[in-house]
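Chemist: what follows is a protein structure lacking sequence information:
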């Protein structure tokens with residue numbers, strides 16, 4: 001049997017909702033025998049500080065920040081992550097752009113990330129990393145604004161898969177993928 005999900009990508013900003021999604025991602029990766037990639041994207045250092053700090057001080061700050069983010073990634077996963085292959089990445093850049101570029105370059109099969117749960121008006125004014133990722137990637141994206149039930153994360157095998165699509169070739173591909181996902185869940 002071929003693996004439907006070779007790699008599951010979990011972008012994280014270390015928020016409580018990101019931590020909740022990571023629990024679900026472990027369960028999904030375990031169910032599908034997938035590699036799990038945790039990705040944190042740091043904003044670039046503001047070069048305005050260059051007038052105040054020396055280049056060496058800025059480099060040291062960036063090194064410490066990256067080290068701290070790797071430490072946070074290492075503590076992100078729940079205890080039940082044993083046996084799941086995990087890759088941890090810290091990258092600097094625009095979060096939505098980095099996530100989309102990584103997903104395309106690595107041929108990620110599923111991105112799992114939270115939404116902020118803010119109103120449509122606020123998203124319109126401020127933008128949303130999740131909304132940008134949904135628009136810019138070609139792989140499925142699993143989102144949720146309220147996932148905090150640890151019991152559900154341990155028993156993630158879906159019973160119902162809802163798939164919203166347009167009637168176009170892209171929608172047809174998404175429907176085929178969802179159908180294959182449903183079939184795999186029935187067999188596992």
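Modeler: Structure received. Predicted model, so just to flag it, every value in this text is computed and none were measured.
Chemist: so for residue 100, what's the pLDDT?
Modeler: Confidence at residue 100, expressed as pLDDT, is 96.
Chemist: quick one: contacts for it?
Modeler: Taking CB atoms under 8 Å, 6 or more residues apart in numbering, we find residue 100 in contact with 132, 133, 136, 137. Glycine gets a C-beta too; all of them are placed from N, C-alpha and C.
Chemist: confirm it sits in a helix?
Modeler: Yes: Residue 100: assigned to a helix according to DSSP: H, G, I helix; E, B strand; the rest coil.
Chemist: re the thing from before, with respect to residue 53, which of the contacts of residue 100 is nearest?
Modeler: Residue 53 lies nearest to residue 132 out of the contacts of residue 100, by CB to CB, at 31.0 Å.
Chemist: that closest one - nearest residue in space that isn't next to it in sequence?
Modeler: Spatially, and ignoring its direct neighbours in sequence, residue 132 is nearest to residue 96 (3.5 Å; CB to CB, 6 or more residues apart in numbering).
Chemist: quick one: pLDDT of that neighbour?
Modeler: In this model, residue 96 is scored at 92, pLDDT.
Chemist: picking that back up, most surrounded residue in the contacts of residue 100?
Modeler: Neighbours here mean other CB atoms under 10 Å. Within the contacts of residue 100, the largest count is held by residue 133, at 23 neighbours.
Chemist: that residue: which element?
Modeler: Per DSSP states H and E: residue 133 is located in helix 129-136.
Chemist: how far out from the middle of the chain is that helix?
Modeler: 11 Å (CA atoms, centre = their mean, to the nearest Å).
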